[in-house]
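Got a sequence here, can you model it:
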Amino acid sequence: MHRRKLDCPGGVLLSTYLIVLLVLLAVIICTVLAIVCVSMRGTICNPGPRKSMSKLLYLRLALFLPEMVWASLGAAWVVKGIQCDRTVVIGIIATVIVSWIVIAATMVTIIFVFDPLGGKMAPYPPCVPEHLDSSNSNQLLTGLKTAAKSVWETRVQCCCCCIIGQDDNTRVAFSSAADLFSTYFSFWDTDLVPSDIAAGFTLLHQQQDNISHSREPREVVTHTPGQPQEAELDAEVENCHHYMPFAAAAYGWPLYIYRNPFTGLCRIGGDCCRGRDIERDAVEGDQHNCHFASILKTTGLQHRDFIHISFHDKVYELPFIVVLDHRKESVVVAVRGTMSLQDVLTDLSAESETLELDIELQDCVAHKGIAQAARYLHRRLVNDGILSQAFSVAPEYRLVLVGHSLGAGAASLLAIMLRRAYPQVRAYAFSPPRGLLSKSLYEYSKDFVVSLILGMDVIPRLSVTNMEDLKRRILRVIANCNKPKRVSLCSTGCPGPHSVEDSLELRDQPAPTSRVLGLKATFGFSEIVSGYCSSDSPLDSPKYPTLYPPGRIIHLEEEGGSGRFGCCSAAQYRARWAQEAEFSKILIGPKMLTDHMPDIVIRALDRVVADRTACVSCPGQGGSDVP
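Here you go, the predicted structure:
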């Protein structure tokens, strides 16, 4: 089409560039199509028909060399300034830019996904017959574990390279996150690719639905609930409804804009540029006053009600606000949840840590990163005199700690630390992480901590031990799948005999770990399962004990059929007291992430409180029938 437009200085070079590029792209497309065809053969755990996949992948990788060379030449020719038709030049520039974007994206993917250890973390597990082992296996395994941790630490540092001023806490968090990732993803691991894991999630969700549909409907009331219990539930739901906006306000202007996408910026835009009406030393990290403006809109309080606002954000150091709540006569400390890379590193410091508390308990163990954050909050509130200042203004008020997600965990631990000095302290933890407290601390916190969990929220079910359980369940369902991956990825089942239900052959066999699957193709499924040891997980160690969520739990359980992807505001919920054992497994569903969002929690609480208020006034309905 444009050959005549290449009759210009440098046009021969451009023509040559385009022709070679077309040939190169044709070869690449053929290679990718071959990869697609080969990858569709066999099943997830039967890689035999996919033997040629590694050769095709290396061929595709080799083609990156001429692709990079030709992209470099194209960039050099463009920089020289070719005096040709503008349309042709723009097309060449776009081609060069797209080529470099594809190359850069591929290189980044290789850096973060490729296993440089070649899947050799544990060539011969202890359960395999002795003739497969070697005398130097322990020494080799130790070296490989160290290498894997180093690889993951480099990856974490690359992901968090934008964190300014990396101090000792940041370096410790890097090491903790790398240790968690290397232990979970590398030790005894397999060559499962992301699509394998996606198929496992899909099959688990289908299995979960089948079990729930075939299960006998449980009785709604197993015992006659007492009136005090119902009254207490009503009171605590109302308290959660009252304090949740404080936990949301701690997120500042980003959450406010997210909740009000069309009007939020206009509402707080004017206040961002005005002078503060409270003392400047009472606000940290809010250079433009936008956070404070959004907090005012979210809580509905006055300027004089704020004691301290901190948006200082570092690893193990969370933002928080301290306000006077005259309606409930309380001093409210709201801790912000996960919102930055520093917060993510705090979350990923998941090993356990012993707490030094003035209480007589056997095992005072908690999540390390959240415990460090609670200590920081304790220092700020107590040593810096922030709480003393608040109670000097309102000495008759009680202390209430609130937070969402990471902030919920920190608020709960902080309540445990402050209870000796403030016996009337209360904490409301919204969507807290499960892997937070040891068993004894969990029982101890029931007297003054209330957790609220919405629907299928994954975070209150998320802990290191639950992640290991999820991994085992995925491996089990993958091992028992006898259909191609493309069939397994169909979330609603495929027509004919290739339905998802047919691919779930749940045999009476123990759940295979990743090491079992790694050896299945070589030694046979039955031989490996017979030597399988169920307690050999690298995460079953004192560093990662079983931890529990804080306090008593109120579960907002979805009722009726609002549709799998129905509008969240149309969902019906009922509040009930729940046991922590109900959250001992991670559930797979379309709302497992959205149910964690603070705006969805606020909306659900609004709906529950409105329904309970309306039903209380309905004639002929008792308290036990209130949804």
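
hey, let's count contacts and neighbours off CA atoms from now on
Fine.

Of all the helices and strands in the protein, which has the lowest average confidence?
Lowest on mean pLDDT, DSSP states H and E among the helices and strands of the chain sits helix 525-530, with a mean of 38.

Show the subsequent helix or strand relative to it.
Per DSSP states H and E, the first helix or strand lying C-terminal to helix 525-530 is strand 552-559.

Show me what counts as buried in that next one.
Arg552, Ile553, Ile554, His555, Leu556, Glu557, Glu558 (16 or more other C-alpha atoms under 10 Å).

Hmm, Leu452 and the second one touching each other?
Yes. Contact between Ile553 and Leu452 holds when scored by C-alpha atoms under 8 Å: they sit 5.8 Å apart.

Spatially central residue in this protein, please.
The centre of the chain sits closest to Ile459, judged by C-alpha atoms, centre = their mean, with a distance of 7.0 Å.

Name the spans of the stretch 201-350 of the chain whose pLDDT lies under the cut-off.
By pLDDT under 70, the low-scoring segments of the stretch 201-350 of the chain are 213-228, 269-281, 285-288.

brain fart, the stretch 351-500 of the chain
488-500.

would you list every one of the helices in it?
Along the stretch 351-500 of the chain, counting by DSSP state H, counting those that start in this stretch, helices occupy 368-378, 386-393, 406-418, 439-445, 464-479, 485-488.

which one of these lies closest to Arg336?
Arg336 lies closest, by C-alpha to C-alpha, to one member of the helices of the stretch 351-500 of the chain: helix 406-418, at 4.9 Å.

now the angle from the closest one to helix 368-378?
Helix 406-418 and helix 368-378 are oriented at 60 degrees to each other (axes from the mean of the first three to the mean of the last three C-alpha atoms, to 10 degrees).

Extract the C-alpha set from helix 406-418 and format it as PDB.
Only the C-alpha atoms of helix 406-418 are listed here, as PDB (Å, rounded to 0.1, in the frame of the first residue of the first chain):
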ATOM      1  CA  LEU A 406      -4.700  -4.600  58.400                       C
ATOM      2  CA  GLY A 407      -6.000  -1.800  60.600                       C
ATOM      3  CA  ALA A 408      -8.400  -4.200  62.300                       C
ATOM      4  CA  GLY A 409      -5.600  -6.500  63.200                       C
ATOM      5  CA  ALA A 410      -3.500  -3.700  64.600                       C
ATOM      6  CA  ALA A 411      -6.400  -2.200  66.500                       C
ATOM      7  CA  SER A 412      -7.200  -5.600  68.100                       C
ATOM      8  CA  LEU A 413      -3.600  -6.100  69.200                       C
ATOM      9  CA  LEU A 414      -3.400  -2.600  70.400                       C
ATOM     10  CA  ALA A 415      -6.500  -3.200  72.500                       C
ATOM     11  CA  ILE A 416      -4.800  -6.200  74.100                       C
ATOM     12  CA  MET A 417      -1.800  -4.000  74.900                       C
ATOM     13  CA  LEU A 418      -3.900  -1.200  76.400                       C
END
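
Report the distance from it to the chain centre.
Relative to the chain's own centre, helix 406-418 is displaced by 20 Å; criterion: C-alpha atoms, centre = their mean, to the nearest Å.

Could you list every helix and strand that it packs against?
strand 330-335, helix 368-378, strand 398-404, strand 426-430 (3 or more C-alpha pairs under 8 Å, 6 or more residues apart in numbering; DSSP states H and E).

before we move on, the earlier item: dump the buried residues of strand 552-559 into TSV; add distance to Asn482 and pLDDT as well.
Output for these, formatted as TSV (distance: C-alpha to C-alpha, whole Å; pLDDT from 0 to 100):
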residue	distance to Asn482	pLDDT
Arg552	43	96
Ile553	40	96
Ile554	41	96
His555	37	96
Leu556	38	95
Glu557	35	91
Glu558	34	87
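
May I see these organised as CSV, with distance to Met339 added?
Listed next are those as CSV, based on distance: C-alpha to C-alpha, whole Å:
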residue, distance to Met339
Arg552, 26
Ile553, 24
Ile554, 25
His555, 24
Leu556, 24
Glu557, 26
Glu558, 27
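
Out of the helices of the stretch 351-500 of the chain, which is the most enclosed?
Ranked by mean neighbour count, the helices of the stretch 351-500 of the chain are led by helix 406-418 with a mean of 28 (mean count of other C-alpha atoms under 10 Å).

Can you give the contact residues for that helix?
For helix 406-418, contacts defined as C-alpha atoms under 8 Å, 6 or more residues apart in numbering pick out 247, 318, 334-338, 343, 347, 357, 370-371, 373-375, 377-378, 401-403, 425-433, 436, 445, 449, 550.

Please list only the buried members of these.
Buried subset of the contacts of helix 406-418 (neighbour count, 16+ other C-alpha under 10 Å): 247, 318, 334-338, 343, 347, 370-371, 373-375, 377-378, 401-403, 425-433, 436, 445, 449, 550.

tally of neighbours for Glu67?
By other C-alpha atoms under 10 Å, 18 other residues sit near Glu67.

same question, Thr263
12.

Leaving out the residues flanking it, which one is nearest to it?
Nearest non-adjacent residue to Thr263, counting by C-alpha to C-alpha, 6 or more residues apart in numbering: Ile257, 7.9 Å away.

excluding its backbone neighbours, what's nearest the residue nearest to the centre of the chain?
Excluding its sequence neighbours, the residue lying closest to Ile459 (C-alpha to C-alpha, 6+ apart) is Pro433, at 5.1 Å.

which residues touch the one you found?
Pro433 is in contact with Ser405, Leu406, Ala408, Gly409, Ile459, Pro460, Arg461, Leu462, Ser463, Pro549, counting by C-alpha under 8 Å, 6+ apart.

Can you list phi and psi of it for me?
Main-chain dihedrals, Pro433, degrees, to the nearest 10: phi -70, psi 150.

how far away is it from Ser54?
Distance of Pro433 to Ser54, computed by C-alpha to C-alpha, to the nearest Å: 40 Å.

rewinding a little: out of the helices and strands packed on helix 406-418, nearest to Ser182?
Within these, the stretch nearest Ser182 is helix 368-378; the backing value is 17.7 Å (C-alpha to C-alpha).

Let me see the residues that make contact with the closest one.
Contact partners of helix 368-378, identified using C-alpha under 8 Å, 6+ apart, comprise 173, 316-318, 345-353, 355, 406, 409-411, 413-414, 417-418, 436.

rerun that using 6 Å as the cut-off
Residues outside helix 368-378 that contact it (C-alpha atoms under 6 Å, 6 or more residues apart in numbering) are Tyr316, Glu317, Thr346, Ser349, Ala350, Glu351, Ser352, Glu353, Ala410, Leu414.

any chance of those in CSV, plus distance to Thr95?
Listed next are the contacts of helix 368-378 as CSV, based on distance: C-alpha to C-alpha, whole Å:
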residue, distance to Thr95
Tyr316, 45
Glu317, 46
Thr346, 42
Ser349, 43
Ala350, 45
Glu351, 48
Ser352, 51
Glu353, 53
Ala410, 50
Leu414, 56
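
between those residues, which is nearest Asp209?
Ala350 (30.7 Å).

Surely that closest one is within a strand?
No. Secondary structure assignment (DSSP: H, G, I helix; E, B strand; the rest coil) places Ala350 in coil, not in a strand.

do you know how far it is from Gln362?
Taking C-alpha to C-alpha as the measure, Ala350 falls 21 Å from Gln362.

quick one, which of these two is more surrounded?
Neighbour tally, Ala350 and Gln362, criterion other C-alpha under 10 Å: the higher count belongs to Ala350, 24 against 10.

Now do that one against Ala148, distance only.
Separation of Ala350 from Ala148 (C-alpha to C-alpha): 18 Å.

cool, Glu230 as well?
52 Å.

More neighbours: those two, which one.
Ala148 (24 against 17).

which helices and strands does the helix or strand encompassing that one pack with?
Using DSSP H and E, Ala148 sits in helix 137-159. Judged by 3 or more C-alpha pairs under 6 Å, 6 or more residues apart in numbering; DSSP states H and E, helix 137-159 is in contact with helix 168-185.

quick check: angle from the helix it packs on to helix 368-378?
Orientation check (the same axes, to 10 degrees): helix 168-185 against helix 368-378 gives 160 degrees.
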